[in-house]
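S.K.: attaching a predicted model along with its sequence, questions to come.
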Amino acid sequence: MRALAENVFSVGVIDWELKMFDRLIPLPDGTSYNSYLVKGSEKTALVDSVEPAQVDELIAHLITAGVDKIDYLIALHGEQDHSGGLPDMLVLYPDAKVVTNPKCKSMLIDLLDLEEEQIITVEDRETLSLGDKTLEFIYTPWVHWPETMSTYIKEDRILFSCDFLGSHMATSDLFVSDEREIYEPAKRYFAEIMMPYRKQVLTNLKKLAELDIAIIAPSHGPAYDNPKFIIDAYTEWAGGEVKNQVVIPYVSMHGSTKEMADYLANALIERGVKVSIFELAEVDIGKLAVSLVDAATIVIGSPTVIVGPHPHAANAAFLTNLLRPKTKFASIIGSYGWGSKMVDQICGMISGLKVELIEPVVIKGAAKNEDFAALDELADKIVEKHKEAGIY
Ligand code: FEO
């Protein structure tokens with residue numbers, strides 16, 4: 001149990017070994033499930049619990065610290081990696097009340113089978129006194145579920161932001177000790193979890209700007225005692241302009257699409273464009289997601305499999321569509337043997353993106369001179385579009 005401020009403690013669990021989150025996202029740096037104990041002069045609150053599989057460790061931390069009474073179990077978010085420990089907390093502290101918002105209340109009843117009378121609800125900007133400490137609840141919806149909220153200790157100027165502004169990083173640091181080290185995990189987390197909600201991120205950042213914040217304590221990763229660092233990063237990632245960058249996720253069965261992807265990458269590099277290229281059979285999708293935060297253009301490379309895209313290319317297209325990056329332009333490259341509807345199918349898969357399609361280059365068999373010329377033309381068009389967008 002370590003102190004963020006006087007009588008405000010971090011009591012959560014570091015998971016050094018978890019390799020996948022939600023059976024989807026690789027976690028190269030592990031994660032943590034942060035839970036915070038706030039001891040006021042009259043009442044004690046626990047802000048969020050932990051993943052159910054880790055709840056024994058949370059209980060051990062509380063028992064070791066001699067916490068024999070908790071009055072309020074604050075649930076900032078219904079997802080089980082923060083709410084899932086609540087049933088055990090209610091067994092340990094049967095007189096405690098769960099404090100949450102009405103939307104989250106209904107989720108906690110659905111997900112955890114909590115009883116109505118165990119829960120009290122708070123409205124946006126409502127306060128809860130713990131004696132010499134006051135919790136203010138601030139609704140911060142859609143980062144990343146509709147019910148997500150934050151809470152702020154007025155006296156200590158600490159904001160508990162739950163998933164918002166977090167990072168998947170297992171570290172012994174209570175506070176970020178090296179901003180260069182946290183930047184990439186935080187950006188990766190933003191790309192995977194927050195990027196589809198960029199508008200809501202910006203709205204919530206504006207709302208938080210009304211507060212005088214000394215510490216941001218999220219529910220994953222270390223806390224920030226320089227809140228400006230992560231606020232500025234989120235402002236740029238969510239609302240900044242796209243950059244002169246092209247992302248090329250591709251997969252190749254017999255080498256033709258690989259040759260095209262490599263050729264296009266070199267053509268773009270020669271023209272002064274930054275390129276990130278990902279071979280999709282072995283890609284870490286987190287890295288692909290990070291590259292999509294800033295890129296102006298995505299070019300998906302795929303061979304044709306039974307007239308459609310290769311499943312790995314379809315997965316990348318589906319994921320990109322899901323993550324809703326700022327990307328402005330898209331194209332497709334690849335080859336086929338006897339016939340292909342690959343372009344139409346990929347276009348259907350990225351229909352949620354607000355992108356302008358640049359004429360795809362899809363060839364029969366292996367690339368020949370005229371195909372390389374078409375790829376040069378594609379590189380020229382991308383440069384032209386980047387110039388028109390004012391980013392070249
Ligand atoms: Fe960390 Fe949305 O749960």
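M.R.: Looks like it arrived, so ask away.

S.K.: in this protein, which residue sits nearest the ligand?
M.R.: Nearest residue of the chain to the ligand (Cβ to the nearest ligand atom) works out as residue 79 at 3.6 Å. Yep, even glycine has a C-beta here, placed from its N, CA and C like the rest.

S.K.: how far away is the spatially closest residue to that residue that is not a sequence neighbour from residue 128?
M.R.: Excluding the flanking residues, the one nearest residue 79 by Cβ to Cβ, 6 or more residues apart in numbering is residue 145, at 6.3 Å. Between residue 145 and residue 128 the distance is 22 Å, computed by Cβ to Cβ, to the nearest Å.

S.K.: quick one, helices of this structure?
M.R.: 55-64, 80-83, 86-92, 102-112, 179-189, 198-208, 227-239, 256-270, 285-292, 311-323, 342-349, 369-388 (DSSP state H).

S.K.: helices or strands up against the first one?
M.R.: By that I understand helix 55-64. Applying 3 or more Cβ pairs under 8 Å, 6 or more residues apart in numbering; DSSP states H and E, one finds that helix 55-64 contacts strand 13-15, helix 86-92.

S.K.: for the first one, what is the average pLDDT?
M.R.: Along strand 13-15, the predicted confidence averages to a pLDDT of 95.

S.K.: wait, does it contact the ligand?
M.R.: No: using Cβ under 6 Å from any ligand atom, strand 13-15 never reaches the ligand; the gap is at least 11.7 Å.

S.K.: what sits up against that strand?
M.R.: 30-33, 35, 50-51, 54, 57-58, 61, 170-172 (Cβ atoms under 8 Å, 6 or more residues apart in numbering).

S.K.: wait, the residue nearest to residue 79 sits on residue 77?
M.R.: Yes: at 6.3 Å, residue 145 and residue 77 qualify as touching, with contact defined as Cβ atoms under 8 Å.

S.K.: okay, the two: which has more neighbours?
M.R.: Counting neighbours by other Cβ atoms under 10 Å for residue 145 and for residue 77 shows that residue 77 has the greater number, 25 against 16.

S.K.: confidence score at the more buried one?
M.R.: 98.

S.K.: who are the contact partners of it?
M.R.: 48, 83, 104, 145, 147-149, 162-163, 219.

S.K.: keep only those residues that also lie close to the ligand.
M.R.: Near the ligand, by the rule Cβ under 6 Å from any ligand atom, you find 163, 219 out of the contacts of residue 77.

S.K.: now that we have the contacts of residue 77, which of them are buried?
M.R.: 48, 83, 104, 145, 147-149, 162-163, 219 (16 or more other Cβ atoms under 10 Å).

S.K.: just to revisit the earlier point, can you pull the contacts of the residue nearest to residue 79?
M.R.: 77-79, 107 are the contacts of residue 145 under Cβ under 8 Å, 6+ apart.

S.K.: so stretch 18-37, near the ligand or not?
M.R.: No: shown here: stretch 18-37 not in contact with the ligand (Cβ under 6 Å from any ligand atom), separated by at least 7.6 Å.

S.K.: can you tell me the distance between the two ends of that stretch?
M.R.: 24 Å (Cα to Cα, to the nearest Å).

S.K.: one step back: got a winner among the contacts of strand 13-15 for most neighbours?
M.R.: residue 50 (30 neighbours).

S.K.: could you check the pLDDT of that residue?
M.R.: So, for residue 50, pLDDT stands at 96.
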